[in-house]
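Asker: Whatever this is, show me its structure:
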Amino acid sequence: MDNTKATLLINREDALVLDVRGPPSLPTATSPRADNIPLAQLEVAPRQAARQVKPVIVVCNSGQNLAPKAGALLRAQGFANVHTLAGGYQAWLSGGMPVEKK
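Answerer: A predicted model of the protein is given here:
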């Protein structure tokens, strides 16, 4: 999913943004309203909030490693509407999208 589609999903459907970056790339900034839950924590403590109801957008640094793994994990846990942000946080940042300092 690209930045534009992600923004529409966030604004129109109140999508949950899940930033799965953890050590060694802990986020100092992320997209607005994003929850930071590193992939390792997501694997041992599945999220019940918004399961199968709200769309979920999973973000990692590049969109090629952690986010696809987290997306597959969430789908296996019963989340039906899961997307990964193409290019990850770096694409979000280089696209001039809004960020929040953590």
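Asker: where along the protein do the helices fall?
Answerer: Secondary structure of the chain, counting by DSSP state H: helices at 3-13, 39-44, 66-76, 88-94.
Asker: right, so of the ones you listed, which gets closest to residue 54?
Answerer: Residue 54 lies closest, by Cβ to Cβ, to one member of those: helix 3-13, at 6.9 Å. Just so you know, the C-beta spots here come from the backbone N, C-alpha and C atoms, and that holds for glycine as well.
Asker: can you count the residues close to residue 67?
Answerer: 28 (other Cβ atoms under 10 Å).
Asker: do residue 20 as well
Answerer: There are 28 residues near residue 20, going by other Cβ under 10 Å.
Asker: so what pLDDT did the residue nearest the centre of the chain get?
Answerer: For the chain, the residue nearest the mean C-alpha position is residue 58 (2.3 Å; Cα atoms, centre = their mean). pLDDT for residue 58: 95.
Asker: Tell me which residues touch it, please.
Answerer: For residue 58, the contact set (Cβ atoms under 8 Å, 6 or more residues apart in numbering) comprises 18, 20, 67, 70, 71, 74, 82, 83, 84, 85.
Asker: Among these, name the buried ones.
Answerer: 18, 20, 67, 70, 71, 74, 82, 83, 84, 85 (16 or more other Cβ atoms under 10 Å).
Asker: Let me see the backbone angles for the second one.
Answerer: In this entry, residue 20 is assigned phi and psi values of phi -100, psi 10 (degrees, to the nearest 10).
Asker: thinking it is in contact with residue 71, fair?
Answerer: No. In this structure, residue 20 is not within contact of residue 71 by Cβ atoms under 8 Å, at 9.1 Å.
Asker: on that earlier part again, generate TSV for the contacts of residue 58, with pLDDT as supplementary columns.
Answerer: Shown next, in TSV, are the contacts of residue 58 (pLDDT from 0 to 100):
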residue	pLDDT
18	92
20	92
67	95
70	94
71	94
74	90
82	95
83	97
84	97
85	95
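Asker: re the thing from before, kindly state the beta-bridge partners for the residue nearest to the centre of the chain.
Answerer: residue 18, residue 84 (DSSP bridges).
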